[in-house]
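Give the three-dimensional model of this entry:
(one chain, ligands or ions: 1)
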Amino acid sequence: MSVVIYPGSFDPFTSGHTRVVRRACRVFDKVVIAVAEMSYKEAMFSLDERIAFARDAVSGLEKCEIIAYNTLTVELARKHNAAAILRGLRAVSDYEYEAQVAAANKHLDDSIETVFMMADPDLAFVSSSAVKQIAAAGGRITGLVSPMVEKAILARYFPGV
Ligand code: ADP
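Residues are numbered from 1 along each chain as shown. Just a heads-up that it's a prediction; the model follows:
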């Protein structure tokens, strides 16, 4: 059985993430979405909220599992018998960071591959931070995130509206 780990902060889960997971389900037998606890980075949403958003977004996909993690990604991959770590690439700007992380993971465990999925062009501009910036400035984020996430973001920026 081919298992892949899809790690991220998912703060929050976007339609870009959902698309990557859908596509990965066509390639792998099981996709483990690993939501980072992130003690080092300030998140807008709590771990529980970020997990709930991911769960809602992929609810129809049977091959998916969602977990929280605060360990090394390679350790997590070993624990779940995953042969690979999945990451998305949107622009050239993603490449430098992702190449460095992939090299570090290779150094830590040579048996685990990192596989990259190119963003679909229609969602290549979507990132968690872009969605938050658009919403904060009063822009429309419908379709860029699930209705559940859209509601949660708007409630954060415009409470009581
Ligand atoms: P991190 O904080 O670990 O970078 P993110 O939650 O921002 O995690 O993203 C998780 C993964 O999903 C990353 O590999 C990122 O490049 C990828 N990703 C994010 N948005 C998109 C998108 N629109 N299309 C394809 N991949 C994406």
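
what about the strands in the protein?
3-8, 30-36, 64-69, 84-89, 113-118 (DSSP state E).

could those strands go into a markdown table alongside mean neighbour count and mean pLDDT?
Placement of C-beta: from N, CA and C, glycine included. Below are the strands of the chain laid out as a markdown table (neighbours: other CB atoms under 10 Å; pLDDT from 0 to 100):
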| stretch | mean neighbour count | mean pLDDT |
| --- | --- | --- |
| strand 3-8 | 22 | 98 |
| strand 30-36 | 23 | 98 |
| strand 64-69 | 17 | 97 |
| strand 84-89 | 21 | 98 |
| strand 113-118 | 16 | 98 |
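
Would you mind saying which of the ones you listed lies nearest Arg50?
Among the strands of the chain, the nearest to Arg50 by CB to CB is strand 30-36 (5.2 Å).

partners of that closest one, with directions?
Using DSSP bridges, the strands paired with strand 30-36 are strand 3-8 (parallel), strand 64-69 (parallel).

ok, the nearest residue to Ile134 once chain neighbours are set aside - contacts?
Of all residues not flanking Ile134 in the chain, Ile141 sits nearest, at 5.5 Å (CB to CB, 6 or more residues apart in numbering). By CB atoms under 8 Å, 6 or more residues apart in numbering, Ile141 lies in contact with Val131, Ile134, Ala135, Glu150, Ile153.

between these, which is closest to the ligand?
Val131 (9.5 Å; CB to the nearest ligand atom).

Surely the closest one is in contact with Ser146?
No: if you go by CB atoms under 8 Å, Val131 and Ser146 don't touch, sitting 11.0 Å apart.
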